[in-house]
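> give the three-dimensional model of this entry:
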Amino acid sequence: MTIVTPPPTADAPWPVGLLSSKIRDWIERLGTAWVEGEITQWNVSGGNVYGKLRDLEQDATVSFSVWSSVRSRVPADLKQGDRVIAAVKPNYWVKGGTLTMQVFEMRHVGLGDLLERLERLRRQLASEGLFETSRKRPLPFLPGRIGLVTGKDSDAEKDVLRNAQLRWPSVAFTVVHAAVQGDRMPTEVTAAVQQLDADPEVDVIIVARGGGDFQNLLGFSDERLIRAVAACTTPVVSAIGHEADRPLLDDVADLRASTPTDAAKRVVPDVTEELSRVQQARARIGMRLTSIVSTEIDRLGQIRSRPVLAAPQTLVDTRADELLRVMARGDELMHRVLERAGTRVGELTSQLRALSPQSTLRRGYAIVQLPGGDVLRAPGDAPAETPLVLTVDGGTVTAVSTGHSPTGASAGISHASSDDDAPAPLPAR
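Here you go, the predicted structure:
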C-alpha cells in the first residue's frame, strides 16, 4: 500500500527531512548514467578520489567521488585536465544536503579542451621566445621595495609578508589586491602587475596565490597576463599554487617559486645568514691581514738582522779600507811609473848629450861658419879676409881669414873678437 503525502502548503509545510528524502528517492531512480567532461580537480585521500568534472560548453560542474573499491576500474594516470567519460550514479546526501556522483568506471577520452588550448598557447608563446632563459632578469640581492599582487586577506598574502619580514624585518611592500580566480582575475592581475612595474620604487614583483584546483588557476595562463609580464622591466616572481601547479605564468616569470612562502625566501635574504656571512668574511679578512702582517714582520726582522743593517758602519769601514788599499796601490803604481819614466829620461838625456856637438865643444873644439852660415870644412873655402864665426863652448867669436898655405898648413885667423869676451882664439880645426 502506497502512502500518498499531500503537497506542502503554507499551512502544512513539509519538514526539511521529508523534502530531502523525496529528493534522494527521486535522484536514486535516475540510476547509473555515462557522462563526459573534463577533470578540473583530482585529489586522493585515504585511497579514495575526490574531484570535479566540468562541461565547458554548458559551463556546468559536478563533484564526484571514486571509492577505493572501484579504483581498479579507473586509469592510474588520470589527472587534472584529462577529458573522460564516466559511469556515475547520482547520490544525494540528506544530512549535508549535497549532491555528488559516485563513479563506478572512468575512461580516457583524450586531452581536455582546456589543456589543448593551453598547449597551443604555450607553443605559440614559446615560438615567440617569451619563455627563453636568456630573457629572464636576475633578482636584486636586497630589494628596497617589493610589489605584491595577491587576493585581499588571503593566506598567500600573509605567508609572503610574514616570511619576508622574519627574514629581513625592514623589508617594504607595496601590496595591490586583485581577484585571483574567476572571470575578473586576468584583467585585475594584469592591471596590478602593470601598475607595480610603472612604480620606480618597486624592485621586484611577486604574483602570489594559494593552492586551488586546475579550474581556479586557469586565469594565470591567460594570454593577456602572460604578455604583460613578458613586457615588464621589473623582475617578476610567480608563486602560484603548489609545486605540482604549472600555469603559463611560471614559464614567463623571471623566477618560479613553488609556493608563496618559497617566494618570500627566494626574494628576501635572511638577515641572520647575511650577518653570519659578514662576520665570517670579516674573520677571514682579519686572519688574512694578520698572516700578511706577521709575514712582513718576519721579513723585516730578517732584513734587519743582516750585517749591513745590524751594523751599518761596517759597510762604511769596509769600503774605507778598500779605498785606502786602492789609493795605496795607485800611489805605489804611480811612483813606479814615474821612476821608470825618470830612468828612461835620464838614459835618453845621456844618449842625447853623447850625440850633441856641445860635448865636442867642451873638449876644446870649435865650429867655424862662413858668412852664409855654412860650416867651414876646408881651408880653401875661406880665402884671405873672409869673415868667420867661431862657436866654442862658452859662446861665439868672429875672425878674419888670412889665407891658406899651399902645403896644407892651417890658415891663420886675425882680428878675432869675442861676443863673450872669450880668451884668445884657438886654432881652427
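
> can you give the domain ranges for this protein?
16-110, 117-269, 361-418 (automatic domain parsing).

> just name the most buried of those domains.
For the domains of the chain, the largest average neighbour count (mean count of other C-beta atoms under 10 Å) is found in domain 117-269, namely a mean of 18. Placement of C-beta: from N, CA and C, glycine included.

> related to what we said a few turns ago, mind putting the domains of the chain in a markdown table, distance to L300 and mean pLDDT included?
As requested, the domains of the chain are exported to a markdown table (distance: least, C-beta to C-beta, whole Å; pLDDT from 0 to 100):
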| stretch | distance to L300 | mean pLDDT |
| --- | --- | --- |
| domain 16-110 | 74 | 84 |
| domain 117-269 | 41 | 90 |
| domain 361-418 | 83 | 76 |
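
> same list (those) but as CSV, adding distance to A354.
Output for the domains of the chain, formatted as CSV (distance: least, C-beta to C-beta, whole Å):
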stretch, distance to A354
domain 16-110, 139
domain 117-269, 109
domain 361-418, 12
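
> how about those domains, which one is nearest I292?
Comparing these against I292 with C-beta to C-beta, the closest turns out to be domain 117-269 (29.1 Å).

> in the protein, where's the longest helix?
helix 312-355 (DSSP state H).

> quick check: what element follows it along the chain?
Where DSSP states H and E defines the elements, the next helix or strand beyond helix 312-355 is helix 357-362.

> hey, C-alpha coordinates of that following helix in PDB?
Only the C-alpha atoms of helix 357-362 are listed here, as PDB (Å, rounded to 0.1, in the frame of the first residue of the first chain):
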ATOM      1  CA  PRO A 357     178.000  68.800 -30.600                       C
ATOM      2  CA  GLN A 358     178.200  70.600 -27.300                       C
ATOM      3  CA  SER A 359     180.200  67.800 -25.800                       C
ATOM      4  CA  THR A 360     182.800  68.200 -28.600                       C
ATOM      5  CA  LEU A 361     182.900  71.900 -27.900                       C
ATOM      6  CA  ARG A 362     183.600  71.300 -24.200                       C
END
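
> sorry, back to before: pLDDT on the longest helix of the chain, on average?
Confidence for helix 312-355, expressed as mean pLDDT, is 88.

> by contact count, what packs against it?
Packing partners of helix 312-355 (3 or more C-beta pairs under 8 Å, 6 or more residues apart in numbering; DSSP states H and E): helix 307-310.

> wait, doesn't N163 sit right on R266?
No: between N163 and R266 there is no contact under C-beta atoms under 8 Å: 10.3 Å.

> the helices in this structure, which residues?
Applying DSSP H to the chain gives helices spanning 16-28, 113-127, 155-167, 185-197, 223-230, 248-252, 260-267, 271-305, 307-310, 312-355, 357-362.

> nearest to E57, out of those?
Per C-beta to C-beta, nearest to E57 of the helices of the chain: helix 113-127, 8.9 Å.

> now for the closest one, which elements pack on it?
Packing partners of helix 113-127 (3+ C-beta pairs under 8 Å, 6+ apart): strand 33-45, helix 223-230, helix 248-252.

> so which of these comes closest to V392?
Closest to V392 of the helices and strands packed on helix 113-127 is helix 223-230 (C-beta to C-beta; 134.0 Å).

> returning to that earlier point: export the helices of the chain to JSON lines and append columns for distance to S69.
Output for the helices of the chain, formatted as JSON lines (distance: least, C-beta to C-beta, whole Å):
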{"stretch": "helix 16-28", "distance to S69": "19"}
{"stretch": "helix 113-127", "distance to S69": "29"}
{"stretch": "helix 155-167", "distance to S69": "35"}
{"stretch": "helix 185-197", "distance to S69": "38"}
{"stretch": "helix 223-230", "distance to S69": "43"}
{"stretch": "helix 248-252", "distance to S69": "37"}
{"stretch": "helix 260-267", "distance to S69": "38"}
{"stretch": "helix 271-305", "distance to S69": "51"}
{"stretch": "helix 307-310", "distance to S69": "98"}
{"stretch": "helix 312-355", "distance to S69": "104"}
{"stretch": "helix 357-362", "distance to S69": "160"}
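
> out of those helices, flag the one nearest D203.
Nearest to D203 among the helices of the chain is helix 260-267; the distance by C-beta to C-beta comes to 9.3 Å.

> can you list contacts of the closest one?
139, 143, 146, 150, 155-157, 159-164, 167, 204, 206, 208-210, 237, 239, 255, 257 (C-beta atoms under 8 Å, 6 or more residues apart in numbering).

> the inter-axis angle of that helix versus helix 155-167?
Following axes from the mean of the first three to the mean of the last three C-alpha atoms, to 10 degrees, one obtains 40 degrees for the angle between helix 260-267 and helix 155-167.

> then helix 260-267 to PDB, C-alphas only?
Output of helix 260-267 as PDB, limited to C-alpha atoms (Å, rounded to 0.1, in the frame of the first residue of the first chain):
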ATOM      1  CA  PRO A 260      54.100  31.900  -1.700                       C
ATOM      2  CA  THR A 261      56.300  31.100   1.300                       C
ATOM      3  CA  ASP A 262      59.100  29.900  -1.100                       C
ATOM      4  CA  ALA A 263      58.800  33.200  -3.000                       C
ATOM      5  CA  ALA A 264      59.400  35.200   0.200                       C
ATOM      6  CA  LYS A 265      62.500  33.100   0.900                       C
ATOM      7  CA  ARG A 266      63.800  33.500  -2.700                       C
ATOM      8  CA  VAL A 267      63.300  37.200  -2.900                       C
END
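
> could we number from 30 for the rest of this?
Done: numbering now begins at 30, and the last item shifts to helix 289-296.

> and that helix, how far out from the chain middle?
28 Å (C-alpha atoms, centre = their mean, to the nearest Å).

> what does stretch 299-315 give?
Centroid displacement of stretch 299-315 relative to its chain, using C-alpha atoms, centre = their mean, is 21 Å.

> for it, which outside residues touch it?
Outside stretch 299-315, the residues that touch it by C-beta under 8 Å, 6+ apart are 196-198.

> and the residues you listed, which is closest to S430?
Proximity of the contacts of stretch 299-315 to S430, judged by C-beta to C-beta, is greatest for W197, which lies at 140.9 Å.

> list the contacts of that closest one.
Counting by C-beta under 8 Å, 6+ apart, W197 has contacts 171, 297-300.

> among the helices of the chain, which is nearest S74?
helix 184-196 (20.3 Å).

> and the angle for that closest one with helix 300-334?
30 degrees.
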